[in-house]
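Asks: no sequence for this one, just the structure:
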């Protein structure tokens, strides 16, 4: 393809090609928008696919919230759409668990991993480090298309007769390994496993590319300590993904073997529905180790990009340098290391050796230290700033608030003594939705509002943005804050009807309230989606190259950068990206040489 | 029809919002974008402060509404430790929560954009960094210390005089086995499980320890103030023995037995009085996703005095005699010959 050679020569011989501009090489629709190798287009592809999945995942949560809030009512419209899954307008248990499973899987992996780091790593890495494209644009394209394939397989599993996988997003065997265990454990689980395998391939292709691009393709003067924080965050994210996703793949492959080839990696001593299975000697807990060895780093794979973008956005809009750049780096590094050493805190009550458990308590609570450093640094960044509340800045502030709330409840769960009581209750649901789900979503929204002008050369509508922020912020707390109390009462997760229980039946009104709020919040997200697509075509045009007055390199590109990002030479970098409010100047771009009388920082 | 109206109202509401949003953008452009931006900045700054105030009120209101609905005092000795750890952690995190949230929203409000102020260039300060590294580290060390101390107490070996009960989860219910007079649970093998031949637990009848083991379903009886060790297993998929009132929990894993022990400190009768709920019963909830009936996988526990327990136990027949009625000394003798092949078939 001529396209490939252009990028490579474009990057290497940038000097000779100094004058190549728009319209130089005509691209067909397919190579420009579909099988594109431009990192910006691939980022947008990830984002839009992520948005589609987020709507599906969000809609599913509304459906199962209907069941939770109104277990005694029927909704005939559901039967119209879902047939025997909602017989008589009531969500059937198999359907409920299918909804929960797909909701969890797509939001954790397809939206907050692919949709978040896929979008912003692709968009920001070359733009902020000063590169024309990724190290391997072709691999980058493959990364998206493997993700697309994974999406197709996952989506198709929703339409099979026995329904999608329904063992929970963690897919623990033996439940997930035995077809006899339920409808969702039939073809749906096979499709789930295939989709996840494809997804992991996509994630690895992307991750390796991000790492090599950041390490090798920085522009002149862009030392590692001059990188904007989102890039560092994406770097650690990619490293985490590359080291941990293969372990999940191995776990999934063993599960595929157990399901289809009669092996006994996870199976032993099983009598199911009166049928005695021949398997002996396997360990069901082995899977949990393999799963959580990815599963816990995955939490940080989701959170770190949001943290990085929030740092950048807070600094830009407070018109003040990020406080403690090196401490931010150090704490991200510490988080990345510790992320690999805490996985068994998901397994305190599996019969884990208590001594091993105590080691994991120590390591888990250690993570709170770098997290605390980050929070205090964000607070200090706001302190004595001159803050502009763009929708992006508001979402960044909201992120910090949610990260504090959700992080603190993590101190409860990471402590094995308390975890005995709270494990697998609604407290856990509330905790991880706030700290990982909603907080990362806030980071993602902040990123979308902030870099939308770079992506599409237009602004999103601010008023809709503000409504979006305030409803989502209030809604997130209304939904998840009281949920902690359900967990304190010992109410287990994934209970679709509590009326048969003496101990958990006292929250009827609360469940109704949560359901109503979640419907409103979901509707407002749809409004955001509308704003997003409407603004791509009809939004207010960006007139200046640097609309936020930011220092980093992406704002030195043309308003609508072509493939290759900069016309002419890639700019040289002379300073870190956070010189805001220095020496009486509002901002000093990275490309500006350090002046003779400039004060040191 | 109702659905149609709801959808219509939603669409209408959305259209109105959108038109207002679009109009405000035009107005902003006409009146000068900078000026409009500064005005909305003030509004959002105020809203952040309002959110803080309303949020804090909401936190207290929520607590008032719901604190009576969480569990009362724990009903086991370990539960006391768990609750103490919980409240210590709650106290510490609450302080951090209020300090940081108030700082976050107050700074946002206070330092909102103003033409009179210039942002203060403050890129780093090692002393501050050190302070907020060391203080959390010390606090967490305290929490870790307490946590591990209690954890070892709870997960340590059960007392010698503890009674032993085997708990087995299956889709979707609970089975229990008591060791009988010899206080030893007989051996079992999963391939011996045969409900039709009255051997649901898969006991090996050749093991004499099995001959006095009592098998019951769905309802477990425990003795108040007597330590109990649960030996936990599962037949098909992973389940979890969740005992909210005792603050205890342990997974039931097929193929890998687990244990936990505790001492129930309140009888069911006592709890009925304490909670004022005549229907009160200790429940076993399955806390690990186990299939479509997960939400209804309920067992019950009766905690009673030693005398009540003994009377209950005396009413139960060991499973060995249920499966092998010929061995029952109280059964008529002449059936012995007929039953022998059945017993042989069970042993296989």
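Replies: In hand now; what should we look at? Because the structure is predicted, anything quoted here is derived from the model rather than measured.
Asks: Would you map the strands across the chain?
Replies: Defaulting to chain A. With DSSP state E as the criterion, chain A has strands at A:271-272, A:275-276, A:580-582, A:585-587.
Asks: Wait, chain B was what I had in mind.
Replies: According to DSSP E, the strands that chain B contains are B:163-170, B:173-178, B:214-217, B:219-223, B:228-234, B:239-243, B:248-252, B:258-262, B:282-286, B:298-304.
Asks: coming back round to it: which of the strands of chain A is buried the deepest?
Replies: strand A:580-582 (a mean of 23; mean count of other C-beta atoms under 10 Å in any protein chain shown). Where C-beta positions appear, they are placed from N, C-alpha and C, glycine not excepted.
Asks: what are the pairing partners of it, and which direction each?
Replies: If you go by DSSP bridges, strand A:580-582 pairs up with strand A:585-587 (antiparallel).
Asks: Could you list everything the closest residue to residue B:250 other than its chain neighbours pairs with in the sheet?
Replies: Closest residue to residue B:250 apart from its sequence neighbours, by C-beta to C-beta, 6 or more residues apart in numbering or on different chains: residue B:260 at 4.3 Å. Beta-bridge pairing of residue B:260 under DSSP bridges involves residue B:230.
Asks: The closest residue to residue B:22 other than its chain neighbours: what's it in contact with?
Replies: Nearest non-adjacent residue to residue B:22, counting by C-beta to C-beta, 6+ apart: residue A:461, 7.0 Å away. By C-beta atoms under 8 Å, 6 or more residues apart in numbering or on different chains, the residues touching residue A:461 are A:531, A:534-535, A:539-540, B:21-22, B:25.
Asks: The residue in the stretch 1-150 of chain A positioned nearest to chain B: what's it in contact with?
Replies: Relative to chain B, the nearest point of the stretch 1-150 of chain A is residue A:93 (4.1 Å; C-beta to the nearest C-beta). Residue A:93 makes contact with A:496, B:292-293, B:295, according to C-beta under 8 Å, 6+ apart.
Asks: Which parts of the stretch 201-348 of chain B are helices?
Replies: B:268-275, B:306-314, B:319-323, B:336-347 (DSSP state H, counting those that start in this stretch).
Asks: Counting by contacts, list what the third one packs against.
Replies: The reference is to helix B:319-323. strand B:214-217 (3 or more C-beta pairs under 8 Å, 6 or more residues apart in numbering or on different chains; DSSP states H and E).
Asks: Make a ChimeraX selection of the buried ones in the contacts of residue A:93.
Replies: The buried residues among the contacts of residue A:93 can be selected in ChimeraX (16 or more other C-beta atoms under 10 Å in any protein chain shown) with this line:
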select /A:496 /B:292,295
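Asks: Now for the contacts of residue A:93: which two are most distant?
Replies: A:496 and B:293 (10.4 Å; C-beta to C-beta).
Asks: The nearest residue to residue A:443 once chain neighbours are set aside - how many residues pack around it?
Replies: Closest residue to residue A:443 apart from its sequence neighbours, by C-beta to C-beta, 6+ apart: residue A:306 at 2.3 Å. Residue A:306: 30 surrounding residues under other C-beta atoms under 10 Å in any protein chain shown.
Asks: So for residue A:346, what pLDDT did the model give?
Replies: Residue A:346 is assigned a predicted lDDT (pLDDT) of 94.
Asks: nope, residue B:348 is what I meant
Replies: 40.
Asks: what's the neighbour count on the residue lying closest to residue B:274 once chain neighbours are set aside?
Replies: In space, and not counting its chain neighbours, residue B:274 is closest to residue B:72: 6.6 Å by C-beta to C-beta, 6+ apart. Residue B:72 has 11 neighbouring residues, counting by other C-beta under 10 Å.
Asks: cool, residue B:4 as well?
Replies: Neighbours of residue B:4 under the rule other C-beta under 10 Å: 8.
Asks: contacting residues around it?
Replies: Contacts of residue B:4 by C-beta under 8 Å, 6+ apart: none found.
Asks: Distance of it relative to residue A:77?
Replies: To residue A:77, residue B:4 is 10 Å away according to C-beta to C-beta, to the nearest Å.
Asks: For chain B, give me the ranges with low pLDDT.
Replies: Within chain B, the stretches with pLDDT under 70 are B:1, B:331-348.
Asks: Let me see the contact set for the most centrally placed residue in chain A.
Replies: By C-alpha atoms, centre = their mean, chain A has its centre lying nearest to residue A:112, at 2.0 Å. By C-beta under 8 Å, 6+ apart, residue A:112 lies in contact with A:302, A:436-437, A:440-441, A:444.
Asks: Nearest spatial neighbour of residue B:293, chain-adjacent residues omitted?
Replies: Nearest to residue B:293 is residue B:172, by C-beta to C-beta, 6+ apart, at 3.4 Å.
Asks: backbone phi and psi for the one you found, please?
Replies: In terms of degrees, to the nearest 10, the main-chain angles of residue B:172 are phi -130, psi 80.
Asks: Hmm, it is touching residue B:296, no?
Replies: Yes. Residue B:172 is within contact range of residue B:296, at 6.2 Å (criterion: C-beta atoms under 8 Å).
Asks: if we can go back for a sec, tell me which entries of the contacts of residue A:461 lie within helices.
Replies: Judged by DSSP state H, the contacts of residue A:461 include A:531, A:534-535, B:21-22, B:25 as members of helices.
Asks: which of those residues are buried?
Replies: Buried subset of the ones in helices among the contacts of residue A:461 (neighbour count, 16+ other C-beta under 10 Å): A:531, A:534-535, B:21, B:25.
Asks: ok, residue 59 - contacts?
Replies: Let's take chain A. residue A:522.
Asks: Hmm, no, I was thinking of chain B.
Replies: residue A:481.
Asks: for chain A, where's the lowest mean pLDDT among helices and strands?
Replies: The weakest-scoring helix or strand in chain A, judged by mean pLDDT, DSSP states H and E, is helix A:2-12 (a mean of 42).
Asks: Name the next helix or strand following it along the chain.
Replies: Counting by DSSP states H and E, the next helix or strand C-terminal to helix A:2-12 is helix A:29.
Asks: and that next one, what other elements does it pack with?
Replies: Using 3+ C-beta pairs under 8 Å, 6+ apart, helix A:29 sits against no helix or strand.
Asks: Mean confidence (pLDDT) on that helix, please.
Replies: Here the average pLDDT along helix A:29 is 80.
Asks: again with stretch A:41-61
Replies: 96.
Asks: domains in chain B, as residue ranges please.
Replies: B:25-113+B:122-155, B:163-347 (automatic domain parsing).
Asks: what's near enough to touch residue 36?
Replies: In the absence of a named chain, this looks at chain A. Going by C-beta under 8 Å, 6+ apart, the list of residues near residue A:36 reads A:42, A:45, A:141.
Asks: oops, chain B please
Replies: The contact partners of residue B:36, by C-beta under 8 Å, 6+ apart, come to B:24, B:27-28.
Asks: just residue B:303 next, same as before
Replies: B:75, B:221-224, B:264, B:266-268, B:271, B:282.
Asks: Now with 7 Å, please.
Replies: B:222, B:224, B:264, B:266-268, B:282 (C-beta atoms under 7 Å, 6 or more residues apart in numbering or on different chains).
Asks: repeat for residue A:306
Replies: Contacts of residue A:306 by C-beta under 7 Å, 6+ apart are A:116, A:399, A:439-440, A:443-444.
Asks: Please apply the same query to residue B:148.
Replies: A:358, A:361 are the contacts of residue B:148 under C-beta under 7 Å, 6+ apart.
Asks: So what's the residue count around the residue of the stretch 401-550 of chain A at minimum distance from chain B?
Replies: Using C-beta to the nearest C-beta, the closest approach of the stretch 401-550 of chain A to chain B is made by residue A:490 at 2.7 Å. For residue A:490, the neighbour count with other C-beta under 10 Å is 25.
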